[in-house]
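>>> how would this look folded up:
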Amino acid sequence: MQPTPLINDLAKQIAEHLRAENPPAGTRLVERKLAEQFRVSRSPIRSALRLLHAQGVLGLAGSGGFITIDGRQASWPDHGATVTNEEAMYLRIAQDRLEGVLPERVTENELQRRYNMTRGELARLLRRILSEGWIERLPGHGWTFLPMLTSIESYKDSYRFRLVIEPAAILEPGFVLDRIALEACREEQQRLVDGQIWSVSSPALFDMNSKVHETIIECSRNSCLIDGLKRVDRLRRLMEYKQSLDRRYAIVRCREHVELIDLLLEERRQDASEFMRRHLSSVSVEKVINKVGAAQGISSADD
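A predicted model of the protein is given here:
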């Protein structure tokens, strides 16, 4: 029996989540947690896990259920650089919101009519947008879009803020290196450098690169710094999606991520802090130029 569109979509989302998080091989997948994360019942989650096992992404646990395998051995579904209809609709909604075409508050019926989607298609998109943190369900009826960075000045402010907190976080007295998480990030960034960057989608690239910075700042054990960066990442997410990314620049930033992580793994925190400052300074210049010159086709790397 052919999987339903919902199962195919869930399998893709779970695969992308696992590829981004890169949990250790043998990690057991808990259906209840996945159902809560993707806001569906456990039955379609179970079917999606079976599909991923059939595709060679997951292994079977001896006591039943599914476990992760070594990410280098997994047969990841090749989504390529092709933009699906659903992805195109997602990006259209994001752009309409950024440009003020969509009001702050909307109903599902309004979205269905505007974008000519079925209820199932819209439900999948809303689950994704909700999980990414730029929309919330209103009590009783409708949805509200959350604030995001749209002006040049607010965009500059976000990078000035990051320049303050991210280099400092590396030097926090409570800093404890999460070697396993950083090594997983390094492997992911190296795969991008080795060629994956030419096929991964812009949203996935944003998530991979944001993950590097969030993993590093989480080592600081400073909840205020951690929450501050994650809030900025949520606010700037759509702005990054809207920009046309030149992968020739993006691959440079991924190489810098590898170098930054290597400094941390070598316990050279002072050098890593200074490298982080240089990295963010150069990226911020690229991003602001890109935003100001978007109409002329200027593009930058995602970070």
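>>> residue boundaries of the strands in the stretch 151-300 of the chain?
Ranges of strands in the stretch 151-300 of the chain, per DSSP state E, counting those that start in this stretch: none exist.
>>> low-scoring pLDDT stretches of it, where are they?
151-152, 238-246, 284-300 (pLDDT under 70).
>>> list the contacts for the residue most central in space within the chain?
Residue closest to the mean C-alpha point of the chain, counted by Cα atoms, centre = their mean, is residue 207 at 2.1 Å. Residues near residue 207 by Cβ atoms under 8 Å, 6 or more residues apart in numbering: residue 20. C-beta coordinates here come from the backbone N, C-alpha and C atoms, glycine included.
>>> From what I see, residue 250 and residue 205 are in contact.
Yes. Judged on Cβ atoms under 8 Å, residue 250 makes contact with residue 205 at a distance of 6.7 Å.
>>> what about residue 283, how many residues close to it?
Using other Cβ atoms under 10 Å, residue 283 is surrounded by 21 other residues.
>>> how far away is it from residue 200?
Taking Cβ to Cβ, to the nearest Å as the measure, residue 283 falls 18 Å from residue 200.
>>> Kindly report the same for residue 64.
Residue 64 is 33 Å from residue 200, by Cβ to Cβ.
>>> Between these two, tell me which one has more neighbours.
Neighbours per residue (other Cβ under 10 Å) separate residue 64 from residue 200, with residue 200 holding more: 21 against 7.
>>> Kindly confirm whether my reading is correct that the more buried one touches residue 192.
Yes. Contact criterion Cβ under 8 Å: residue 200 and residue 192 qualify, at 7.0 Å.
>>> between these two, what contacts are shared?
residue 208.
>>> From the structure, what's the count of residues near residue 163?
Going by other Cβ under 10 Å, the residues that sit close to residue 163 add up to 16.
>>> same deal with residue 212?
For residue 212, using other Cβ under 10 Å, the count is 22.
>>> dump the residue contacts of it.
Residue 212 touches 185, 189, 257, 260-261, counting by Cβ under 8 Å, 6+ apart.
>>> now with 7 Å?
For residue 212, the contact set (Cβ atoms under 7 Å, 6 or more residues apart in numbering) comprises 185, 189, 257.
>>> can you list the residues you listed in a markdown table and add distance to residue 136 and neighbour count?
As requested, those are exported to a markdown table (distance: Cβ to Cβ, whole Å; neighbours: other Cβ atoms under 10 Å):
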| residue | distance to residue 136 | neighbour count |
| --- | --- | --- |
| 185 | 29 | 26 |
| 189 | 32 | 25 |
| 257 | 31 | 25 |
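>>> Give me the domain ranges for the chain.
5-68, 85-145, 152-296 (automatic domain parsing).
>>> mind listing the helices for the stretch 1-150 of the chain?
For the stretch 1-150 of the chain, helices defined by DSSP state H, counting those that start in this stretch occupy the ranges 5-21, 31-38, 42-54, 85-98, 108-115, 119-132.
>>> Report the angle between the fifth one and helix 119-132.
This points to helix 108-115. 110 degrees (axes from the mean of the first three to the mean of the last three Cα atoms, to 10 degrees).
>>> model confidence over helix 108-115, on average?
Average pLDDT, helix 108-115: 92.
>>> Can you name every helix or strand that that helix contacts?
If you count contacts as 3 or more Cβ pairs under 7 Å, 6 or more residues apart in numbering; DSSP states H and E, helix 108-115 packs onto helix 119-132.
>>> And the helix it packs on, what's buried?
For helix 119-132, a neighbour-count test (16 or more other Cβ atoms under 10 Å) marks 121-122, 124-129, 132 as buried.
>>> quick one: which of these is nearest residue 104?
Here the nearest of the buried residues of helix 119-132 to residue 104, counting by Cβ to Cβ, is residue 129; it sits at 14.0 Å.
>>> ok, what's across the strand from the nearest residue to the closest one once chain neighbours are set aside?
Of all residues not flanking residue 129 in the chain, residue 135 sits nearest, at 4.7 Å (Cβ to Cβ, 6 or more residues apart in numbering). With DSSP bridges applied, residue 135 shows beta-bridge pairing to residue 145.
>>> Residue 135: how many residues sit nearby?
When neighbours are defined as other Cβ under 10 Å, residue 135 has 19 of them.
>>> now do residue 86
Neighbours around residue 86, by other Cβ under 10 Å: 16.
>>> measure it to residue 209 for me?
Residue 86 is 23 Å from residue 209, by Cβ to Cβ.
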